[in-house]
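Participant: sequence and computational prediction follow.
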Amino acid sequence: MLLQSACLYGFVGGGLPDHIDTVAVLPFDNDTPVSVIPRELLDALRPDIESRLGLRSVAEARAHAIVRGRIVRYDPDIPVAYSADPNQQVAARRRLEIAVDVEILDQTTGKALFTRRGLVAQGDYDERQEADGRRRAIEKLVRDIIEGAQSQW
């Protein structure tokens, strides 16, 4: 019964307005010196937007909604845990933070469906494994963007 009620009120497809069934996820602008972040974020965001929101990817000109944003900060070197050896002052665990501004725009109406400035995600990693921390932070950003967009409706 609850499922039937949810379908009647348009909660299928992530709760997006009924006219939105296509999306273009654009590469985020990058204000950081790390050139791989836009591609890694795009590669993680696009399939999750499609599967979790029930949308189909198309070119920007044909999309009902576009996802765009800017990577505003990347801090890869926050010490979390230090070595237990008193002769070594080396961090054994590190944390990185990525901050983005993101918007999902309804191209049909011109209205923002979701906007978040300064969305921050963190990823912990072992010494010299920065890519692992970046992957974790990107996964959290993707989850937060999708969940934030779903909660708007």
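Facilitator: Arrived safely, thanks for sending. Residues are numbered from 1 along each chain as shown.

Participant: which strand is the longest one in the chain?
Facilitator: Longest strand in the chain by number of residues (criterion: DSSP state E): strand 65-82.

Participant: distance from the chain centre to that one, please.
Facilitator: Distance, stretch centre to chain centre, for strand 65-82: 10 Å (CA atoms, centre = their mean, to the nearest Å).

Participant: mean confidence score for the next helix or strand after it?
Facilitator: Remark: after strand 65-82, the chain's next helix or strand is strand 91-106, criterion DSSP states H and E. Throughout strand 91-106, pLDDT has a mean value of 91.

Participant: sorry, back to before: so which elements touch the longest strand of the chain?
Facilitator: strand 22-25, strand 29-30, helix 37-53, strand 91-106, strand 112-126, helix 130-150 (3 or more CB pairs under 8 Å, 6 or more residues apart in numbering; DSSP states H and E). (Each C-beta comes from the backbone N, C-alpha and C, glycine too.)

Participant: what strands line up against that strand, and which way round?
Facilitator: Taking DSSP bridges as the criterion, strand 65-82 forms sheet pairs with strand 22-25 (parallel), strand 29-30 (parallel), strand 91-106 (antiparallel).

Participant: so which of those is the most packed in?
Facilitator: Compared across the strands paired with strand 65-82, strand 22-25 shows the largest average neighbour count, a mean of 21 (mean count of other CB atoms under 10 Å).

Participant: got the contact list for stretch 102-122?
Facilitator: With CB atoms under 8 Å, 6 or more residues apart in numbering as the test, stretch 102-122 has contacts from 16-17, 19-20, 28, 63-69, 72-73, 95-101, 136-138, 140-141, 144-145, 148-149, 152-153.

Participant: tell me where the model's unsure across the chain.
Facilitator: Judged by pLDDT under 70, the chain has its weakly predicted residues at 1-15, 81-91, 152-153.
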